[in-house]
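Trainee: dropping the sequence and predicted coords here.
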Amino acid sequence: MSPRSEEFMAEARGRLAAAKTTLDSGFLAAAVSLGYYAMLYAARAALSEEDRYAKTHSGTWQLFRETFVSTQRFGDELLAQAERTLPLRLGVDYDARPVERKEAEAVVDLAARFLQAIDDLYPD
């Protein structure tokens, strides 16, 4: 990966590690938010490798879909699951929405799978 893409992936990995730690500590809302951002930064890393950038969250997901799913380089279902975490992330970050442990665990697990898929897309 390019240096800029590596910066995005480093941020993604850091957010995932923090999500796991906060989940283990019982901070479920924070784990959801961190898991979501881990996926967003990983998506931005992959897009950076293609010299493509978006300014918004929704723009990032749309551009990622166009760049990777439409070309069958990335699974549609995994991306759809990642995109579906946005309303939950917004709820916990802006509306103090309560989160069940299973929901938070699912987001953190999804984030780990998403980052692994990006790593598989761009092996060292």
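Mentor: Thanks, I have it. Residues are numbered from 1 along each chain as shown.
Trainee: what helix or strand does the most centrally placed residue in the chain sit in?
Mentor: Nearest to the geometric centre of the chain sits M39, at 0.9 Å (C-alpha atoms, centre = their mean). When elements are assigned from DSSP states H and E, M39 belongs to helix 28-49.
Trainee: list the buried residues for that helix?
Mentor: 28-49 (16 or more other C-beta atoms under 10 Å). Bear in mind the C-beta positions are built from the backbone N, C-alpha and C, glycine included.
Trainee: spatially, what comes nearest to Y37 if we skip its sequence neighbours?
Mentor: R15 (4.7 Å; C-beta to C-beta, 6 or more residues apart in numbering).
Trainee: just the pLDDT at the one you found, thanks.
Mentor: On pLDDT, R15 comes in at 99.
Trainee: which residues of the chain fall in helices?
Mentor: Assigned by DSSP state H, the chain shows helices spanning 3-24, 28-49, 57-64, 76-94, 101-121.
Trainee: ok, the residue nearest to the centre of the chain - contacts?
Mentor: Contact analysis of M39 by C-beta atoms under 8 Å, 6 or more residues apart in numbering lists 12, 82, 85, 110-111, 114-115.
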